[in-house]
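1. coordinates only, sequence not included:
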């Protein structure tokens, strides 16, 4: 948690420093980046919620699976399984647990893939708008061509600082949830 708090403070300092420089270009650009990064943060929060839900479901499922697997592979249980004619029953429960596990993993993969694609779209919108904004600044002679790369990298760094804050907050939130268990 201390590492996350330190990272959070570092990110805040980075945002403040980069904001001062970017104000010379445009406050609108800073607002746009903050809005997009906030959207990315919300998506990241959803991914975390899905991960926590999936971990809980997987944990329950793994307990069932490990119990039936242990019973099925325990040498002393073999005689009881044969006497009770429970082989089919045991295999049915093992296959049911495996199918449930696969279903949970498929759901998790689908949901996080959609949300990750949405995050990528947000990053594309942020970088595309920045690129267009800077090209517009060059064509209107508000920005020098030689400053284009500097400002574009500055915006990228600014976004990284904001996303760093998002990541640290999400991690602290997850640590808080895990410590309550």
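-> Nice, thanks for sending it over. Worth saying up front: this structure is predicted, and the values here are computed from it rather than measured.

2. Can you find the helix or strand in the chain with the smallest mean pLDDT?
-> When each helix and strand of the chain is scored by mean pLDDT, DSSP states H and E, helix 77-83 comes last, with a mean of 69.

3. which sections of this structure are below the confidence cut-off?
-> Along the chain, the parts satisfying pLDDT under 70 run over 1, 79-80, 82-83, 181.

4. Would you map the strands across it?
-> Counting by DSSP state E, the chain forms no strands at all.

5. Can you show me the helices along it?
-> 2-22, 27-73, 77-83, 87-139, 148-180 (DSSP state H).

6. Export those helices as a markdown table, with columns for mean neighbour count.
-> C-beta: built from backbone N, CA, C; applies to glycine. Below are the helices of the chain laid out as a markdown table (neighbours: other CB atoms under 10 Å):
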| stretch | mean neighbour count |
| --- | --- |
| helix 2-22 | 14 |
| helix 27-73 | 15 |
| helix 77-83 | 11 |
| helix 87-139 | 14 |
| helix 148-180 | 16 |
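
7. who's in contact with the residue nearest the centre of the chain?
-> The residue lying closest to the centre of the chain (CA atoms, centre = their mean) is residue 44, at 4.3 Å. With contact set as CB atoms under 8 Å, 6 or more residues apart in numbering, residue 44 has these partners: 119, 166-167, 170.

8. Please produce CSV containing those residues, extended by distance to residue 141.
-> Listed next are those as CSV, based on distance: CB to CB, whole Å:
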residue, distance to residue 141
119, 35
166, 36
167, 38
170, 42
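
9. Tell me the one of the residues you listed nearest residue 21?
-> Nearest to residue 21 among the contacts of residue 44 is residue 166, at 21.0 Å by CB to CB.

10. Might one say that that closest one is in contact with residue 41?
-> Yes: using CB atoms under 8 Å, residue 166 makes contact with residue 41 at a distance of 3.8 Å.

11. Just checking the distance from stretch 90-104 to the centre of its chain.
-> 28 Å (CA atoms, centre = their mean, to the nearest Å).

12. nope, stretch 14-31 is what I was after
-> 26 Å.

13. now residue 11: how far from residue 168?
-> For residue 11, the distance to residue 168 equals 6 Å [CB to CB, to the nearest Å].

14. again with residue 29
-> Taking CB to CB, one finds residue 29 at 24 Å from residue 168.

15. Kindly report the same for residue 134.
-> The value you get for residue 134 to residue 168, if CB to CB is used, is 29 Å.

16. what's the answer for residue 62, then?
-> On the measure of CB to CB, residue 62 and residue 168 end up 30 Å apart.

17. Confirm for me that residue 81 is in contact with residue 90.
-> Yes: counting by CB under 8 Å, residue 81 touches residue 90, with 6.3 Å between them.
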